[in-house]
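Asker: Sequence first, then the predicted structure, then my questions.
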Amino acid sequence: MPVLPIRIMGDPVLHSPASPVESITDEIRALVADMFETMDAAPGVGLAAPQVGVPLRIFTYAYEDDEGHPWRGVILNPELWMRPLEPGAPDPDEESEGCLSFPGERFPLRRSDAVRVTGVDLDGTPVTLEVDGWRARILQHEFDHLEGVLYVDRLDDGDGKTVQKIARKRGWGRPGAAWTPGVDELEA
Ligand code: ZN
């Protein structure tokens, strides 16, 4: 099972909506195994199939809270409901997130406190996730990837300009930019 290259902002697969998974084949099972391995190697708390160049509605997630409760899984063809956003500006200390497709950076972003996600697991069994806090943030972020949206697309104007500046400096924002965990050194 290889660690897959992760596409970076600017690659078209990250900026278009992904397609539903029609049937769960051996190919899909192998892809998901590679996605778990890639997410763990990065390391990341979530990974969507478009990030590894596959335009399908699949994401993996893994997160351990302060009490050490593990939370890990994969969801196919998800739908998402969320509690409306609280008004106001995000707190940079408490509400900053990052993305393996814009690696080494974090920016503040307001997200909904609570979400429900439904879909199926790798056996085709229906799954419902009802979570809040960081888990809710992770699911919103990964669901966005399936819609062709990066969190950097949602930032305020000032941070949006910073993102463009960083992308220019690093040669991102073009088709084919990618990095491979464990192979490419990233400038933090
Ligand atoms: Zn991401």
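Answerer: Nice, I can see it.
Asker: When you work out contacts or count neighbours from here on, use the C-alpha atoms and nothing else.
Answerer: Will do.
Asker: Tell me which stretches of the chain form helices.
Answerer: Under the criterion DSSP state H, the chain carries helices at the ranges 26-41, 133-146, 157-170.
Asker: Show residues contacting the last one.
Answerer: In other words, helix 157-170. Taking Cα atoms under 8 Å, 6 or more residues apart in numbering as the criterion, the residues outside helix 157-170 that touch it are M9, F107, V152, D153, G173.
Asker: and the helices of the chain, which is most packed in?
Answerer: Burial of those is given as mean neighbour count (mean count of other Cα atoms under 10 Å); helix 133-146 ranks first at a mean of 22.
Asker: Would you mind listing where this protein has pLDDT under the threshold?
Answerer: Across the chain, the ranges flagged by pLDDT under 70 are 1, 186-188.
Asker: show me where it has strands.
Answerer: Across the chain, reading from the start of the chain, the strands by DSSP state E fall at 6-7, 46-48, 58-64, 70-82, 96-99, 102-108, 114-120, 126-132, 178-179.
Asker: Sheet partners, orientation included, of the last one?
Answerer: This means strand 178-179. Based on DSSP bridges, the pairing partners of strand 178-179 within the sheet are strand 6-7 (antiparallel).
Asker: what's in contact with the partner strand?
Answerer: Under Cα under 8 Å, 6+ apart, the answer for strand 6-7 is 14, 50-53, 100-101, 176-181.
Asker: rerun at 6 Å
Answerer: Q51, V52, S101, A177, A178, W179, T180 (Cα atoms under 6 Å, 6 or more residues apart in numbering).
Asker: do the same with stretch 119-129
Answerer: Taking Cα under 6 Å, 6+ apart as the criterion, the residues outside stretch 119-129 that touch it are I75, L76, N77, P78, R116, V117, T118.
Asker: From these, pick the one nearest D66.
Answerer: Comparing those against D66 with Cα to Cα places R116 closest, at 21.9 Å.
Asker: Number of residues surrounding the nearest residue to the closest one once chain neighbours are set aside?
Answerer: Nearest in space to R116, with sequence neighbours left out and distances taken as Cα to Cα, 6 or more residues apart in numbering, is E130 at 4.4 Å. Look at E130: counted by other Cα atoms under 10 Å, it has 15 neighbours.
Asker: Now do the same contact list for the residue most central in space within the chain.
Answerer: Taking Cα atoms, centre = their mean as the criterion, E142 is the residue nearest the geometric centre of the chain, at 3.6 Å. Remark: with contacts taken as Cα under 6 Å, 6+ apart, E142 is in contact with A48.
Asker: Could you rerun that using 8 Å?
Answerer: Residues counted as contacts of E142 (Cα under 8 Å, 6+ apart) are G46, L47, A48, F59.
Asker: Redo the helices of the chain as TSV? Include distance to D65.
Answerer: Compiled in TSV, those are given as follows (distance: least, Cα to Cα, whole Å):
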stretch	distance to D65
helix 26-41	16
helix 133-146	9
helix 157-170	28
